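A.B. asks: I would like the atomic coordinates for the input below:
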Amino acid sequence: MKAPRVVLASVVGLGLATHPGSGQGVTVTQTVQFSQAAPELLYAMFLDPKEHAAASRLGPVDIDPRVGGRIAAFKLNREQCAAWTGCDWANGPTSLVQATILKLVPGREIVMSWKNLAWRQAVNAADVSDLESLVTLTFSKNAAGAQIEMVQANVPQYLVRLPDGEQGPLSALVNTHWNLVYWNAWQAYIATKGRSSTLVPENGAPVPRAGDVVKAFYAAVVARDFTTARSYLGDDLVFKGLFETYHGIDAYLASLTKLMQVTVRLDVRKIISEGNEVAIFYELQTKAPVEGTVLVAERHEIRNGKISYVESAFDGRPYAAMFTPKK
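C.D. replies: Down below sits the predicted model:
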């Protein structure tokens, strides 16, 4: 399974360094700039399985976006799996990358234990290491828009040969494939799909796109990160729901927090934006005491980069008990 051969020059301001690390491996460090992209969007893209897969273009991705959650990126089909040593179609793993989220700093940092099937492709089978590497992604603003610093520690250096014939020290292949699989592909995805998260007016102050504000808000909600979710809400927020209307952030977040306590999953199906208005459709599944699965449709109005007004519509019958006063 070949990595996409994307021209390295498509990444703005790429800096690379490989230097000795502690333990059995080396540390790979890369710094990549993304023109006119907010760090919060890049952070949300990484933790969103659909966006992660769409941007990287290597196959399906599963992500549980919480500390302790697992990442299985770039699932192989049966034929591809057969070509990779260590790919077990019956029992797993069947994805190129397996990782566990160790730390999240919303919008700023993701720390993961990280391993991929390349670890098992040693030319000398005796060299194979079970040592997991540690990946730290740091997201920050810069003059161009946003920057990601990637530091991957404990990367083995033994010689590997991939199924497509590519061969070299594992650390060198890891260094190359972060660019091919992630940074170049992500830069192209943002540009081609119009996914830049900011418009930069003449005064240089970034104004988030309406659709990206709603997307980032719900990425934080799914991660139960209500501090970050709050940052996308305007002080004058009005939420008009099926059962109640809330004025202000605190009242709305109190209700949303209560709902997420019984939420099994919240899957965003579609986000459509036009100007400062955004429509979002998501499937919500909840557990006892209010079990149910419904499709929710919401209209959001964005003002100065914040959500200022929300209207929500769905089949509320499974949830009426949450909002009906007890007698």
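
A.B. asks: which stretches of the stretch 151-300 of the chain aren't confidently modelled?
C.D. replies: Residue ranges of the stretch 151-300 of the chain with pLDDT under 70: 193-208.

A.B. asks: what about V67, how many neighbours?
C.D. replies: 12 (other CB atoms under 10 Å). In this view, the C-beta of every residue, glycine as well, is placed from N, C-alpha and C.

A.B. asks: which residues sit in contact with it?
C.D. replies: V67 makes contacts with I101, L102, K103, L104, as judged by CB atoms under 8 Å, 6 or more residues apart in numbering.

A.B. asks: which of the three states applies to it?
C.D. replies: Under the three-state scheme (DSSP: H, G, I helix; E, B strand; the rest coil), V67 adopts coil.

A.B. asks: quick one: it from M112, how far?
C.D. replies: Distance check for V67 against M112: by CB to CB, to the nearest Å, it reads 10 Å.

A.B. asks: any common contacting residues for the two?
C.D. replies: By CB under 8 Å, 6+ apart, the residues touching both V67 and M112 are I101, L102.

A.B. asks: pretty sure Q121 contacts C87?
C.D. replies: No: counting by CB atoms under 8 Å, Q121 stays clear of C87, with 10.3 Å between them.

A.B. asks: who has more neighbours, those two?
C.D. replies: Regarding Q121 and C87, a neighbour count based on other CB under 10 Å identifies Q121 as having more, with 23 against 19.

A.B. asks: and for the closest residue to that one other than its chain neighbours, the neighbour number?
C.D. replies: Excluding the flanking residues, the one nearest Q121 by CB to CB, 6 or more residues apart in numbering is V160, at 4.3 Å. By other CB under 10 Å, the residues close to V160 number 26.

A.B. asks: which residues touch V160?
C.D. replies: Counting by CB under 8 Å, 6+ apart, V160 has contacts A118, W119, Q121, A122, V123, Q167, G168, P169, L170, L173.

A.B. asks: what's across from it in the sheet?
C.D. replies: When assigned by DSSP bridges, V160 has beta-bridge partners A122, G168.

A.B. asks: and for E311?
C.D. replies: For E311, the beta-bridge partners under DSSP bridges are K240, R299.

A.B. asks: thought it was touching K240?
C.D. replies: Yes: E311 is in contact with K240 according to CB under 8 Å; the separation is 4.9 Å.

A.B. asks: as a markdown table, the contacts of V67 with secondary structure and neighbour count would be great.
C.D. replies: Formatted as a markdown table, the contacts of V67 follow (DSSP: H, G, I helix; E, B strand; the rest coil; neighbours: other CB atoms under 10 Å):
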| residue | secondary structure | neighbour count |
| --- | --- | --- |
| I101 | strand | 20 |
| L102 | strand | 16 |
| K103 | strand | 10 |
| L104 | strand | 20 |
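
A.B. asks: which one among the residues you listed sits at the bottom for pLDDT?
C.D. replies: Ranked by pLDDT, the contacts of V67 bottom out at L104 (89).

A.B. asks: can you pull the contacts of it?
C.D. replies: P65, R66, V67, I110, V111, A223, D225.

A.B. asks: got a list of what the residue nearest to L47 when sequence neighbours are not counted touches?
C.D. replies: Taking CB to CB, 6+ apart, and ignoring the residues beside it in sequence, L47 has P65 as its nearest neighbour in space, at 4.1 Å. By CB under 8 Å, 6+ apart, the contact list for P65 reads L47, D48, I101, L104, A219, V222, A223.

A.B. asks: how about A297?
C.D. replies: By CB under 8 Å, 6+ apart, the contact list for A297 reads A279, I280, F281, S312, A313, F314.

A.B. asks: which of those sits closest to D236?
C.D. replies: Proximity of the contacts of A297 to D236 (CB to CB) peaks at S312, which lies at 17.7 Å.

A.B. asks: distance of the closest one relative to A122?
C.D. replies: 53 Å.

A.B. asks: measure A83 to Q121 for me?
C.D. replies: 10 Å.

A.B. asks: overlap in contacts of the two?
C.D. replies: When contacts are counted by CB under 8 Å, 6+ apart, A83 and Q121 are jointly contacted by P163.

A.B. asks: now G69. Nearest residue, chain neighbours left out?
C.D. replies: Nearest one to G69, counting by CB to CB, 6+ apart, is I101 at 4.8 Å.

A.B. asks: please, where are all the helices along the stretch 201-327 of the chain?
C.D. replies: For the stretch 201-327 of the chain, the helices defined by DSSP state H, counting those that start in this stretch cover 210-222, 226-230, 249-260, 320-323.
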